[in-house]
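Peer 1: Here's a sequence, model it:
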Amino acid sequence: MKYFYLGATPEVDREALTAIGERVAMEFGAPVREIELPDLDFAYHAGRGQYASIAVLEMLVAMCPGDAFKLLAVTERDLSIPVLTFVFGHAQLGGRAGVVSLARLRQEFYGLEPDTQVFLERAQKEVLHEAGHLFGLVHCHDGGCAMSLATGVRQIDSKRAEFCARCAARIERKPRG
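Peer 2: Purely as a prediction, here's the structure:
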């Protein structure tokens, strides 16, 4: 049997991880197993004050369990890639590993009062987005689809926590083997 692994770095809130795990299990129809991840200090880029998502992906690929259908990690660390100021997440297109940063999904990041409901909705949308990339989906032109590109939280907020019919039809939800 293959599992959809959900990994979390030590600082990730359990409530958020539980909500994300439930959403992944419901959406993809695969049993979810949790896996603990190490701290991401190895990926810290002092000049940017962020964590290199490419290095994180390389670590995830190296530690991906043999019975993993997919491995999606969540972290509170702010992620970036060399060509962008930040990324909400990063995943291998059609691959096995991806990561979502929860840092910029929180209202507090923008100097606002905490709002757990808004945060959890954003987290679920971004997890679906990065998981969609793992299943081979590219960015969708339907602005309400979970696969639409978001360069800010307002765009995330305008998405639905689901795939449009076209994207949903392209995902093979049941793991093989």
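
Peer 1: C-alpha only now, for contacts and for neighbours.
Peer 2: Noted.

Peer 1: Hmm, Tyr5 is touching Ile35, no?
Peer 2: Yes: counting by C-alpha atoms under 8 Å, Tyr5 does reach Ile35; the two are 6.6 Å apart.

Peer 1: Those two: who's more crowded?
Peer 2: Between Tyr5 and Ile35, counted using other C-alpha atoms under 10 Å, Tyr5 has the larger neighbour count: 26 against 16.

Peer 1: Return the longest helix belonging to the chain as CSV; C-alpha atoms alone will do.
Peer 2: For the chain, the helix with the greatest residue count under DSSP state H is helix 116-134. Presented in CSV, the C-alpha positions along helix 116-134 are these (Å, rounded to 0.1, in the frame of the first residue of the first chain):
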residue,chain,number,x,y,z
THR,A,116,-7.3,31.0,12.8
GLN,A,117,-10.1,30.4,10.3
VAL,A,118,-8.5,32.6,7.6
PHE,A,119,-5.1,31.0,8.3
LEU,A,120,-6.4,27.4,8.0
GLU,A,121,-8.4,28.2,4.8
ARG,A,122,-5.2,29.6,3.2
ALA,A,123,-3.1,26.7,4.4
GLN,A,124,-5.6,24.2,2.9
LYS,A,125,-5.6,26.1,-0.4
GLU,A,126,-1.9,26.2,-0.7
VAL,A,127,-1.5,22.5,0.3
LEU,A,128,-3.9,21.6,-2.5
HIS,A,129,-2.0,23.9,-4.9
GLU,A,130,1.4,22.3,-4.2
ALA,A,131,-0.1,18.8,-4.1
GLY,A,132,-1.7,19.6,-7.5
HIS,A,133,1.8,20.3,-8.8
LEU,A,134,2.9,16.9,-7.5
